[in-house]
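Peer 1: Quick one: sequence plus predicted model below, questions after.
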Amino acid sequence: RGGHFSLITFSREGERGRVVNKYSFTHKLIQHYMASCHIIASWGHAEPPIKEVEEALMYSKWHPIVLFLAEQLRGPISLRLKTVPASMAPAFATFVARSAAVTSISCAAAGIG
């Protein structure tokens with residue numbers, strides 16, 4: 001179809017003798033954005049998948065979502081970290097650079113805060 005872009009794809013696959021309908025996002029960025037929107041919508045109300053930005057920064061699987069959270073979370077945000085491991089440093093730096101809501105940072109291991 002000319003002029004249309006599908007965000008979600010659909011497929012039917014045989015699995016253990018039965019047909020299973022499967023849906024997937026056409027690109028991981030769409031999935032990451034939608035996940036961040038869900039987190040923002042449930043932040044402070046229901047049980048969000050993550051409760052603190054620091055928690056998301058500690059696990060690399062959350063890093064793509066953290067970048068969207070940086071632009072969506074409203075402040076003030078105070079980041080309190082014990083340490084910033086090398087694996088976390090790029091996501092941490094990008095979060096701080098993209099977020100207008102970060103008002104303070106403390107990191108005991110680095111002597112900050």
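Peer 2: Done, it's in. All figures in this text were calculated on a predicted structure; none of them were measured in a lab. Numbering: from 1, shown residues only.
Peer 1: show me where this protein has strands.
Peer 2: Using DSSP state E, the strands found in the chain span residues 8-15, 18-25, 77-81, 102-107.
Peer 1: Show the average pLDDT along the lengthiest helix in the chain.
Peer 2: Scanning the chain for the helix with the most residues, using DSSP state H, yields helix 28-42. For helix 28-42, mean pLDDT rounds to 89.
Peer 1: ok and the helix or strand of the chain with the lowest mean pLDDT relative to helix 28-42, angle-wise?
Peer 2: Every helix and strand in the chain was compared by mean pLDDT, DSSP states H and E; the lowest is strand 8-15, with a mean of 81. Taking axes from the mean of the first three to the mean of the last three C-alpha atoms, to 10 degrees, one finds strand 8-15 and helix 28-42 inclined to each other by 100 degrees.
Peer 1: Nearest residue to the middle of the protein?
Peer 2: I65 (1.8 Å; C-alpha atoms, centre = their mean).
Peer 1: For that residue, list the residues it contacts.
Peer 2: Going by C-beta atoms under 8 Å, 6 or more residues apart in numbering, I65 touches H32, A35, S36, I39, A56. From N, CA and C alone the C-beta is placed, and that goes for glycine too.
Peer 1: neighbouring contacts of the longest helix of the chain?
Peer 2: Residues contacting helix 28-42 (C-beta under 8 Å, 6+ apart): L7, F25, P48, P49, I50, P64, I65, L67, F68, L69, Q72, L73.
Peer 1: One more: stretch 66-74?
Peer 2: Taking C-beta under 8 Å, 6+ apart as the rule, stretch 66-74 contacts 32-33, 35-37, 39-40, 43, 53, 56-57, 91, 94-99, 101.
Peer 1: one more time with 7 Å, if that's ok
Peer 2: If you take C-beta atoms under 7 Å, 6 or more residues apart in numbering as the criterion, stretch 66-74 is touched by 32-33, 36, 39-40, 53, 56-57, 91, 94-95, 98-99, 101.
Peer 1: What is the burial count for A35?
Peer 2: By other C-beta atoms under 10 Å, the residues close to A35 number 18.
Peer 1: Next one: it relative to L81, how far apart?
Peer 2: 22 Å (C-beta to C-beta, to the nearest Å).
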